[in-house]
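Novice: need a structure here:
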Amino acid sequence: MLIKTFGSAVQGVSAYTITVEVSVSAGTKYFLVGLPDNAVKESEQRIESALKQYGYKIPRQKIVINMAPADIRKEGSSYDLTIAMGILAASGQISDEKVSSYMIMGELSLDGSLRPIKGVLPIAIQARKEGFKGFILPAQNAQEAAIVNNLEVIGVNNILEAIEFLDGARQIEPLVINTRELFSNTADQYAADFSDVQGQENIKRALEIAAAGGHNLIMIGPPGAGKTMLAKRLPSILPPLSMHEALETTKIHSVAGKLGEATSLLTTRPYRSPHHTISDVALVGGGGVPQPGEISLSHNGVLFLDELPEFKRTVLEVMRQPLEERRVTISRAKTSIDFPANFMLVASMNPCPCGYYNDPSKECVCGPGVVQRYLNKVSGPLLDRIDLHVEVTPVTFDEMTATRKAEKSAAVRERVMQAREVQTQRFSEMPQIHSNAMMPSQMVKEVCQINEAGRTLLKTAMERLGLSARAYDRILKVSRTIADLAASEDIKIEHLAEAIQYRSLDREGWAG
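Specialist: Residues are numbered from 1 along each chain as shown. I've put the predicted structure just below:
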């Protein structure tokens, strides 16, 4: 008897359906074909042990299992339940009436219980798209799949529950989640708030500009000045995620297996802070089975690199292309996978190895040329792609002990959202552009027009600082954001002057 069951494979952040054809006929031996990897081949032992726990068995007949399309490699242990249900239906141990109506996925333990799997959200989206009635999967993953509406999500704890459900002996109520309600109830719940930060008003202003225009930012200052603390609070002033952004971000975390059992939908912007010992593959993504890296996990959020010069040079250089193109392409001999990577880069660094170069209160002990060599660990092309360079100075005792409450993140976010609304209208005919930072060079001339006084000021700055053409574009984009925050249609000279001052690392005086 021939039975078809359906599973799914994830490639990048998209899923495609795998048809598992099971034929049980006279003869002996067990054949599993269709380019399975070792984890799939080992499913026979897991299935046999799991079925024995509940009085079922793999029949001692000729069993041929084909996983189609046969030219695509099938990887992982999540096909255990798919294959097991196919064997039971093809051998007449359960009814075959419902089997082909459901997407079935899950990894089996030897005792018949089910382990959670990765990539559930893209699989559920694909299952609904292809018209499946429902999705049978481990109960631990049910919350994640249930955010896809118009799809019955049947969470099971063990193989017996799946057998009895498909055989009609057990009723399992589909898990239903009101996605809109969940999204509105949990959106923008951040533990850290700008009101916790005393002083540092100039840095808060720079972070507000960065958030309003989606600009990359680097903070330079001595240890303990508050660089990390300020970076952690940046997501709290970014505009709330839209439903589309939330689903897109959740898909990436689902594929990487980063969603917890209780998490179904990411409703706050991700904040990723990898250690400086990270490898280039872990940062950008890749591996034998291409997985998203930290760059993609921070999609629609913030990637914070603390102590930037301590990262390996190769790690920093792989970020240059994703910063420009806002996606990561992993190329292999037979395939090429794109992971989205629309993130804000926020970096921090000490000005020198000891940390106190240019510090007003402590003396730098670094020798001649040491400061310049330290700064040269970060390449010029990478610094060119960072729009705002900000010097952070330590907070004074009077500022730390002040009783006046600082401005809350919610108030700053309101101004940021108003500036983003202006940009949304500006780029309404270009859906791929969402903020000033994403403007291509040809559009900068059109959108960021300046008067004669502004041109003179910018020319002087370009000559004195030795700025590149890319830095010129960055200054214009930042000045456009500053004008948006001020609700000004034109870029005024004060907007341009403020944007120019955010090029600290281009100035003389950092030469060491």
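
Novice: which parts of stretch 354-361 are buried?
Specialist: Burial within stretch 354-361, assessed by neighbour count using 16 or more other Cβ atoms under 10 Å, is assigned to 354-359. In this view, the C-beta of every residue, glycine as well, is placed from N, C-alpha and C.

Novice: repeat that for stretch 130-141.
Specialist: In stretch 130-141, counting by 16+ other Cβ under 10 Å, buried: 132, 134-141.

Novice: widest-spaced pair of those?
Specialist: The span of the buried residues of stretch 130-141, defined through Cβ to Cβ, is set by Phe132 and Gln140 at 20.5 Å.

Novice: now do the helix or strand that contains Ser296: distance to the chain's middle.
Specialist: Using DSSP states H and E, Ser296 sits within helix 294-297. Centroid separation for helix 294-297 versus its chain: 5 Å, with Cα atoms, centre = their mean, to the nearest Å.

Novice: equivalent analysis for stretch 113-129, please.
Specialist: That offset, for stretch 113-129, works out to 18 Å (Cα atoms, centre = their mean).

Novice: next one: stretch 215-231
Specialist: In terms of Cα atoms, centre = their mean, the centre of stretch 215-231 is set 22 Å apart from its chain centre.

Novice: re the thing from before, which of the buried residues of stretch 354-361 sits closest to Lys98?
Specialist: Gly355 (65.4 Å).

Novice: Serialize the buried residues of stretch 130-141 to JSON lines and add fields for secondary structure.
Specialist: Below are the buried residues of stretch 130-141 laid out as JSON lines (DSSP: H, G, I helix; E, B strand; the rest coil):
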{"residue": "Phe132", "secondary structure": "coil"}
{"residue": "Gly134", "secondary structure": "strand"}
{"residue": "Phe135", "secondary structure": "strand"}
{"residue": "Ile136", "secondary structure": "strand"}
{"residue": "Leu137", "secondary structure": "strand"}
{"residue": "Pro138", "secondary structure": "strand"}
{"residue": "Ala139", "secondary structure": "helix"}
{"residue": "Gln140", "secondary structure": "helix"}
{"residue": "Asn141", "secondary structure": "helix"}
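
Novice: let's have those in CSV, adding pLDDT and distance to His215.
Specialist: Formatted as CSV, these follow (pLDDT from 0 to 100; distance: Cβ to Cβ, whole Å):
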residue, pLDDT, distance to His215
Phe132, 96, 43
Gly134, 96, 45
Phe135, 97, 41
Ile136, 97, 46
Leu137, 96, 41
Pro138, 96, 42
Ala139, 94, 43
Gln140, 93, 39
Asn141, 92, 37
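
Novice: low pLDDT regions in the stretch 151-300 of the chain?
Specialist: Scanning the stretch 151-300 of the chain for pLDDT under 70 picks out 185-188, 261-262.

Novice: what about the helices in it?
Specialist: Along the stretch 151-300 of the chain, counting by DSSP state H, counting those that start in this stretch, helices occupy 159-166, 179-186, 201-213, 227-232, 243-255, 280-284, 294-297.

Novice: out of those helices, which gets nearest to Ser109?
Specialist: The closest of the helices of the stretch 151-300 of the chain to Ser109 is helix 159-166. By Cβ to Cβ, the value is 9.3 Å.

Novice: next, count neighbours for the spatially closest residue to Arg332 that is not a sequence neighbour.
Specialist: Closest residue to Arg332 apart from its sequence neighbours, by Cβ to Cβ, 6 or more residues apart in numbering: Pro290 at 7.1 Å. Residues lying near Pro290 (other Cβ atoms under 10 Å) number 20.

Novice: what does the one 5 residues further on give?
Specialist: For Ile295, the number of neighbouring residues by other Cβ under 10 Å comes to 27.

Novice: ditto for the one 5 residues further on
Specialist: By the criterion of other Cβ under 10 Å, Asn300 has 22 neighbours.

Novice: torsion angles phi and psi at it?
Specialist: Backbone dihedrals for Asn300, given as degrees, to the nearest 10, come out at phi 70, psi 20.

Novice: ok, longest strand in this structure?
Specialist: The single longest strand within the chain, with elements called by DSSP state E, is strand 14-25.

Novice: and that strand, what's buried?
Specialist: Buried-residue list, strand 14-25, by 16+ other Cβ under 10 Å: 14-15, 17-24.

Novice: now stretch 98-116
Specialist: In stretch 98-116, counting by 16+ other Cβ under 10 Å, buried: 98-100, 102-108, 112-114, 116.

Novice: with pLDDT and secondary structure added, can I get those residues in CSV?
Specialist: Below are the buried residues of stretch 98-116 laid out as CSV (pLDDT from 0 to 100; DSSP: H, G, I helix; E, B strand; the rest coil):
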residue, pLDDT, secondary structure
Lys98, 92, coil
Val99, 94, helix
Ser100, 93, helix
Tyr102, 96, strand
Met103, 97, strand
Ile104, 97, strand
Met105, 97, coil
Gly106, 96, coil
Glu107, 96, strand
Leu108, 96, strand
Gly112, 95, coil
Ser113, 96, strand
Leu114, 96, strand
Pro116, 93, coil
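
Novice: of the residues you listed, just say which sits nearest to Val315.
Specialist: The nearest member of these to Val315, counting by Cβ to Cβ, is Pro116 at 30.7 Å.

Novice: just give the closest residue to that closest one, not the sequence neighbours.
Specialist: Gln140 (4.0 Å).

Novice: tell me the contacts of that neighbour?
Specialist: 114-116, 155, 261 (Cβ atoms under 8 Å, 6 or more residues apart in numbering).

Novice: dump those residues to a markdown table, plus distance to Leu166.
Specialist: Listed next are those as a markdown table, based on distance: Cβ to Cβ, whole Å:
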| residue | distance to Leu166 |
| --- | --- |
| Leu114 | 14 |
| Arg115 | 20 |
| Pro116 | 20 |
| Gly155 | 14 |
| Glu261 | 24 |
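
Novice: for these, which one is nearest Glu399?
Specialist: The closest of the contacts of Gln140 to Glu399 turns out to be Glu261 (Cβ to Cβ; 43.1 Å).
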